[in-house]
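**Student:** sharing a sequence plus its predicted fold:
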Amino acid sequence: MSFQTKRFKVSMNFTSSPVLLHLLADRKLAPGAALLVFDAPAQDALSLLVAHPAFAAFVAEFPCLLGSEQASGLPPELLADLQAAGCRVTDAAAFHRSDTALKPVLPTSALWLDGDWPLAPPQRPTGTQSASRVLALKLLQLVMADAETRDIEAVLRQDPTLSYHLLRLVNSLGMGMTRRITSFSQAILILGRKQLQRWLNLMLFAARSDDYRAPMLLARVVVRARTMELLTKEIGLDLAGQDLAFMAGMFSMLGILFGMSLAELIRPLQLSDVLVDAIIDHQGEIGRLLQLLEYAEQSDAASATDLLAGLRLTAAQFTFASLEACQWMLGIAREMKGSDHD
């Protein structure tokens, strides 16, 4: 059974539209709220979402917003249920959109920042920032090439900040291990190369305090990758396929992070043809899942619904996977915030 059907009955309606959890930034340009975006056929998924036990916990931790225009089109009982769960109806004036390549500034009259500003090309990096990202990418290349542990350690030692964040994340999110990891060789041995790949991908996006895009880029890439992984399980792929889906989600935003051609960036990583085709050309099931997440991030519910039907996924399955991915993202964000204050 899937994670959804274990915890909550999923509607098998393939014509319903999903509820999209659209991430918004706060004044600090960090993830601040989730805006529920949906169209009329999404009421089935919306009703299931508001009744899901995990939804109330999510809303208690992270503001969940309903645009006043969307709220006005809901049945009164459903709107009351959403508000009882903690969702806030918010006027359009509270949202400010920015698609600029410059650092956005939220007007005093607005509360939440929307737009594609995190996807704009990076500003000219500092020497430290540029060197750190190059080292992180080199480290990922070594791990994926199954290099010797001593070679991986040698690169880690060149960047104390990257090393610190990596060990902190491994210790705090290390699958309930009973002993602390105090060396890189321990981290590699205990976690294994697959899990190390995941954390290194996170570090590429996260450990960049001098890039104002970093918090939202991390949030978006984590939600994308985790949602793809969960949906891959739903369509019946094995653990290897689920891992490929997660990595495809992470790698798909490297070009945005570096402001370079994605094909050029992933060439040295020696990825499988299946993974490259999925990332570059949206081929195969994983490629279609990637396209699905891109539609969702663009709040294109109609295109997302069409792709869901082709993948034999329901709107409820997508909505619940998105919810779980957002919860996972909050855990990552908490750890990064805590490490910044140590």
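**Tutor:** Happy to help now that I have it.

**Student:** C-alpha from now on. contacts and neighbour counts both.
**Tutor:** Will do.

**Student:** the helices in the stretch 151-300 of the chain, which residues?
**Tutor:** For the stretch 151-300 of the chain, the helices defined by DSSP state H, counting those that start in this stretch cover 160-172, 184-206, 214-234, 239-251, 254-258, 262-266, 273-281, 284-297.

**Student:** and the average pLDDT for the first one is what?
**Tutor:** So that's helix 160-172. In this model, helix 160-172 has an average pLDDT of 68.

**Student:** same question for the fifth one.
**Tutor:** Within the predicted structure, the mean pLDDT of helix 254-258 is 88.

**Student:** got it, and the fourth one?
**Tutor:** Per-residue confidence for helix 239-251 averages out to 92 on the pLDDT scale.

**Student:** show me which parts of that helix are buried, residue by residue.
**Tutor:** By 16 or more other Cα atoms under 10 Å, the buried positions in helix 239-251 come out as G241, Q242, D243, L244, A245, F246, M247, A248, G249, M250, F251.

**Student:** can you check the second one too?
**Tutor:** Judged by neighbour count (16+ other Cα under 10 Å), helix 184-206 contains these buried residues: 184, 187-188, 191, 193, 195-206.

**Student:** just send the helices of the stretch 151-300 of the chain back as TSV, with distance to S72 too.
**Tutor:** Formatted as TSV, these follow (distance: least, Cα to Cα, whole Å):
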stretch	distance to S72
helix 160-172	43
helix 184-206	38
helix 214-234	28
helix 239-251	35
helix 254-258	36
helix 262-266	42
helix 273-281	39
helix 284-297	22
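
**Student:** from L330, how far out is E285?
**Tutor:** The spacing between E285 and L330, counted by Cα to Cα, to the nearest Å, is 27 Å.

**Student:** mind naming the longest helix for this protein?
**Tutor:** What stands out as the longest helix in the chain, according to DSSP state H, is helix 315-340.

**Student:** what is that helix packed up against?
**Tutor:** helix 3-7, strand 20-25, helix 43-51, helix 53-61, helix 160-172, helix 214-234 (3 or more Cα pairs under 8 Å, 6 or more residues apart in numbering; DSSP states H and E).

**Student:** packing partners for the third one?
**Tutor:** Spelled out, that is helix 43-51. With contacts defined as 3+ Cα pairs under 8 Å, 6+ apart, helix 43-51 has these neighbours: helix 76-84, helix 315-340.
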